[in-house]
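# Build the 3D model from these lines:
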Amino acid sequence: MPKSIPSYQDIYGSEYLNPLDLNKKKVRVVFTSAEVRELRCQEKTGIKIVLKAETEDGKPCKKLIAVNKTSAKQMSLAWGVPDTQNGCKAWLGKLAELSHTKVKAFGKLADCILITPIGAVERTPADHEEAPPDDLSLT
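The predicted model follows:
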């Protein structure tokens, strides 16, 4: 009986979504849960928000989505800075598009997943009248 030959995913797969998984497609997802995890990337360890998601039609995504800094900034601008201690609820139930892009990381361009928010939180004028944080200089 011949041995079973492992698939590419069996050999190199991960529990986290990567650009190859998208196969050059853009995919819309809704985030269902979030947690903060310590992850290792390029010989460095860091803390990241990790999201579970489902497709627009409600099918659970098989892999988790580690949120990179570029995507986290876009999501925070659109939906608000998440409360990481309470499950990032500001981002849950939100629709986003996943795509493959390149960003500068570790001093060179790297392939990554870009999370683009679809629809932003409506901001009232009062939101813009607040004084800036102490560490932000507008002059």
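
# How many neighbouring residues does the nearest residue to residue 65 once chain neighbours are set aside have?
Excluding its sequence neighbours, the residue lying closest to residue 65 (Cβ to Cβ, 6 or more residues apart in numbering) is residue 51, at 4.5 Å. Using the backbone N, CA and C atoms, a C-beta is placed for each residue, glycine as well. Residue 51: 25 surrounding residues under other Cβ atoms under 10 Å.

# And the strands in the protein?
27-41, 44-55, 65-66, 95-105, 108-117 (DSSP state E).

# what's the longest one packed up against?
Pointing back at strand 27-41 there. In terms of contacts (3 or more Cβ pairs under 8 Å, 6 or more residues apart in numbering; DSSP states H and E), strand 27-41 is packed against strand 44-55, strand 65-66, strand 95-105.

# Could you identify which of those strands is most buried?
strand 65-66 (a mean of 22; mean count of other Cβ atoms under 10 Å).

# picking that back up, dump the helices and strands packed on strand 27-41 to JSON lines, plus distance to residue 18.
Below are the helices and strands packed on strand 27-41 laid out as JSON lines (distance: least, Cβ to Cβ, whole Å):
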{"stretch": "strand 44-55", "distance to residue 18": "13"}
{"stretch": "strand 65-66", "distance to residue 18": "9"}
{"stretch": "strand 95-105", "distance to residue 18": "9"}
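
# remind me, longest helix of this structure?
Longest helix in the chain, counting residues (DSSP state H): helix 69-79.

# buried residues in that helix?
70-72, 74-75, 78-79 (16 or more other Cβ atoms under 10 Å).

# Need the worst-confidence member of these.
Ranked by pLDDT, the buried residues of helix 69-79 bottom out at residue 70 (90).

# Report the contact partners of it.
The contact partners of residue 70, taken as Cβ atoms under 8 Å, 6 or more residues apart in numbering, are 103, 112, 114.

# Quick check: closest non-adjacent residue to the most centrally placed residue in the chain.
In the chain, the centroid-proximal residue (Cα atoms, centre = their mean) is residue 67; its distance is 3.1 Å. The shortest distance from residue 67 to any non-neighbouring residue, by Cβ to Cβ, 6+ apart, is to residue 49 (4.4 Å).
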